[in-house]
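Novice: whatever this is, show me its structure:
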Amino acid sequence: MSNGRIPEEVIEKVLKHHDIVDVVGRYVHLSKQGHYMKGLCPFHSEKTPSFTVTPEKQIYHCYGCGAGGGAIRFLMEIEGFTFIEAINQMAAEANLDLGIDLGSDTPSQQNPEKVKLYEAYEFTGKLYQHILKNTEQGKQAMEYLRSRGLNDKLIDTFGIGYAPSNWDTLAQLLEKRQYALPLMEKGGLLSARQEGQGYFDKFRDRIMFPIHDWKGRLIAFAGRAMGEAQPKYLNSPETMLFHKSKSLYNMHLARPQIRKLQQIVVFEGYMDVIKAWDAGITNGVATMGTALTEEHTDVIRKQADQVTVAYDGDSAGQNAAYKSIPILEQAGCVVKIAMIPNAQDPDDFITQHGSERFVREVIENAVPSIKYKLLYFRKNFKLQEDGEKLRYMQQALKIIADITSPIEREHYVRELSTEFRYSFETTLQNLNEIRLQAEKSSNSGDNKAKAWNNVRNERTPREQTPSLLPAYYNAERQLLAIMLFDADITLYVERNLGDQFNVDAHNALAAYLYAYFGQGYEPNFSSFIAMLQEEELEGLASSIAMMGNSHGVNGQVIDDCIRTIKKYKLQESIKQKTEEMIVAERSGDLKMAGQIGNEITSLVKQLKSS
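Specialist: The predicted model follows:
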């Protein structure tokens with residue numbers, strides 16, 4: 001098998017202590033449906049659950065995107081773990097002594113430049129912290145942080161530091177420790193001098209906020225100027241470690257609480273996150289001064305399905321909050337918007353009014369996205385004028401018309417008609433006319449920009465399988481479904497069919513089954529699928545396993561499947577030989593045409609006798 005140095009018995013030992021329903025249930029809300037558990041797939045956006053967990057077989061499979069496998073594969077996909085990391089995590093959770101040290105992935109499997117950059121960033125982060133807390137150079141920065149309400153505990157929790165004003169403090173220290181300075185420039189820590197040779201520090205005279213990936217590895221910095229230096233905030237450039245459109249500040253610290261609450265609060269800046277953390281909002285992250293992207297929502301949706309957007313209360317912040325709604329909702333998130341009065345940002349509000357009021361009045365009082373849209377557009381109309389009032393009503397009804405739930409639509413229509421003293425029935429009729437017109441436009445050929453099941457985790461939606469599949473294809477899947485749970489039949493198929501499966505992936509899966517049962521293992525699907533360690537094969541195996549093996553299995557069924565599979569090979573050979581014979585006849589090579597004709601006759605006899 002392909003599990004490297006991890007013995008199969010170690011994998012089995014780990015799997016025995018983890019039920020897949022418990023593993024998946026930490027990330028996906030599952031509901032029982034007969035022998036299965038169903039929920040919304042965490043790997044792609046969907047409205048109707050197509051994600052299925054089968055406790056009996058200890059597998060998961062999504063009929064929407066084709067994802068599938070066992071408990072180990074699920075952890076690898078959802079957490080981004082390697083196989084070894086997933087095994088170590090599961091063993092630690094079960095307090096298992098595996099009897100061997102699995103270690104981690106070998107350095108040969110990792111990009112050596114990335115390894116050195118991770119080391120360099122970790123060193124740099126500690127250096128900046130030391131300078132802030134223990135040197136004369138850092139005193140002014142420390143006083144500034146104190147003036148912003150940050151105590152020692154917060155400074156330590158978030159690893160805040162200070163980059164001194166000297167041009168090459170970091171460059172000299174990195175060189176002394178034998179880090180390759182060109183790589184350090186490539187990694188965003190240094191800059192190359194424009195004239196002459198050498199390097200200088202990327203960040204100087206700035207308070208440094210470390211940025212980590214979700215695993216807690218330091219990958220970038222945000223540097224804040226204390227004086228009049230511009231720009232006020234300077235982020236690390238895009239590097240092989242840091243991608244701004246995918247990275248969310250504080251995700252590594254916030255993840256446990258996000259998972260627990262299934263809620264996430266999205267801020268704009270670092271200080272907002274830090275001050276909110278101190279106020280008790282420990283499930284907050286920030287987009288680091290950039291607009292929310294689809295990549296950000298991929299990260300968010302994997303962690304939680306409820307999102308509160310807590311951007312600044314000024315017009316720029318509220319415009320950004322409005323633009324974030326469709327991006328988040330398209331990813332399948334339930335969205336609320338926190339309303340911060342007097343154009344304040346979260347940091348200012350907490351400083352002025354305190355933590356308790358921030359939590360109670362801002363976060364807990366966040367409004368649903370539809371309500372926010374109505375309020376957002378409302379400010380553009382002079383509602384004391386009848387004409388403006390009617391225009392706003394039409395705009396509001398267009399927004400309400402997009403709501404899929406009839407009860408929600410009725411709620412907002414009733415609220416609107418009551419406020420502006422219009423008949424509920426008339427207002428509802430107007431809404432229905434808007435929906436009818438939109439439906440006609442939709443049916444007239446307008447195409448949606450994206451299908452609902454859009455890509456997540458670089459996973460494409462599963463292609464629709466043709467309704468009528470070739471007989472050999474169905475026979476191969478039926479045979480594999482039986483083989484997955486029967487060692488004797490697998491050995492019989494190996495002797496009588498071997499590697500003659502017509503579909504390459506089916507052939508590969510059969511080869512793994514031959515090897516698995518050939519080593520004397522008993523049928524155990526969760527162990528077998530864990531040993532594949534190939535995402536596509538695990539998805540295929542889980543899909544086939546979902547067919548079940550109750551096909552009235554007997555020798556006749558097995559032989560019929562084998563015969564159908566072989567017959568297709570013969571038919572394809574006859575077709576190819578016939579084309580070769582025609583070419584030979586047309587070129588005048590009658591001897592060659594005769595030889596090929598004899599071969600065709602032999603193949604036809606085999607086909608008739610099969």
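
Novice: remind me which residues of the stretch 451-600 of the chain are low pLDDT?
Specialist: Along the stretch 451-600 of the chain, segments meeting pLDDT under 70 span 451-468, 548-552.

Novice: got any ranges where this structure has weak pLDDT?
Specialist: Using pLDDT under 70, the chain drops low at 1-5, 45, 99-110, 442-468, 548-552, 609-610.

Novice: ranges for the strands of the stretch 101-250 of the chain?
Specialist: 161-163, 190-192, 199-201, 206-212, 218-225, 233-235 (DSSP state E, counting those that start in this stretch).

Novice: and those as TSV, adding distance to residue 52 and mean neighbour count?
Specialist: Where you see a C-beta, it was placed from the backbone N, CA and C, and this is true even at glycine. Shown next, in TSV, are the strands of the stretch 101-250 of the chain (distance: least, CB to CB, whole Å; neighbours: other CB atoms under 10 Å):
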stretch	distance to residue 52	mean neighbour count
strand 161-163	48	27
strand 190-192	51	18
strand 199-201	53	21
strand 206-212	35	25
strand 218-225	36	22
strand 233-235	42	18
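
Novice: residue 522: which of those strands is closest?
Specialist: strand 206-212 (44.0 Å; CB to CB).

Novice: paired strands for the closest one, with orientation please.
Specialist: strand 161-163 (antiparallel), strand 218-225 (antiparallel) (DSSP bridges).

Novice: on that earlier part again, of all the strands of the stretch 101-250 of the chain, which one is nearest residue 314?
Specialist: Per CB to CB, nearest to residue 314 of the strands of the stretch 101-250 of the chain: strand 233-235, 16.5 Å.

Novice: before we move on, back to that, export the strands paired with strand 206-212 to TSV and append columns for distance to residue 313.
Specialist: As requested, these are exported to TSV (distance: least, CB to CB, whole Å):
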stretch	distance to residue 313
strand 161-163	30
strand 218-225	21
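
Novice: of these, which is nearest residue 384?
Specialist: Taking the strands paired with strand 206-212 one by one with CB to CB, strand 218-225 is closest: 44.1 Å.

Novice: rewinding a little: looking at the strands paired with strand 206-212, which is nearest to residue 36?
Specialist: Among those, strand 218-225 sits nearest to residue 36 (CB to CB), with 39.6 Å.

Novice: which one of the strands of the stretch 101-250 of the chain lies closest to residue 261?
Specialist: Nearest of these (CB to CB): strand 206-212, 20.6 Å.

Novice: need the contact list for the residue nearest to residue 560 when sequence neighbours are not counted.
Specialist: Nearest in space to residue 560, with sequence neighbours left out and distances taken as CB to CB, 6 or more residues apart in numbering, is residue 475 at 7.6 Å. By CB atoms under 8 Å, 6 or more residues apart in numbering, residue 475 lies in contact with 560, 561, 564, 565.

Novice: okay, residue 475 and residue 437: tell me how far apart.
Specialist: 51 Å (CB to CB, to the nearest Å).

Novice: same question for residue 510.
Specialist: 56 Å.

Novice: what about those two, which has more around it?
Specialist: Neighbours per residue (other CB atoms under 10 Å) separate residue 510 from residue 437, with residue 510 holding more: 23 against 11.

Novice: quick check, that one in a helix?
Specialist: Yes - assigned with DSSP: H, G, I helix; E, B strand; the rest coil, residue 510 falls within a helix.

Novice: quick check, it in contact with residue 483.
Specialist: Yes - with contact defined as CB atoms under 8 Å, residue 510 reaches residue 483; the gap is 7.1 Å.

Novice: which neighbours do the two share?
Specialist: residue 493.

Novice: rewinding a little: among the strands of the stretch 101-250 of the chain, which is nearest residue 499?
Specialist: That would be strand 218-225 among the strands of the stretch 101-250 of the chain, by CB to CB, at 45.0 Å.

Novice: got a list of contacts for the closest one?
Specialist: 118, 121-122, 124-125, 128, 159, 163, 188, 203, 205-213, 231-236, 239, 241-242, 247, 249, 270, 288.

Novice: same check, this time on stretch 8-28
Specialist: 1, 3, 30, 37, 39-42, 51, 53, 55, 58-60, 70-72, 74-75, 78, 87, 90-91, 93-94, 96, 98-100, 102, 259, 302, 519, 521, 524, 526-527, 530-531.

Novice: kind regards, and thank you for your time.
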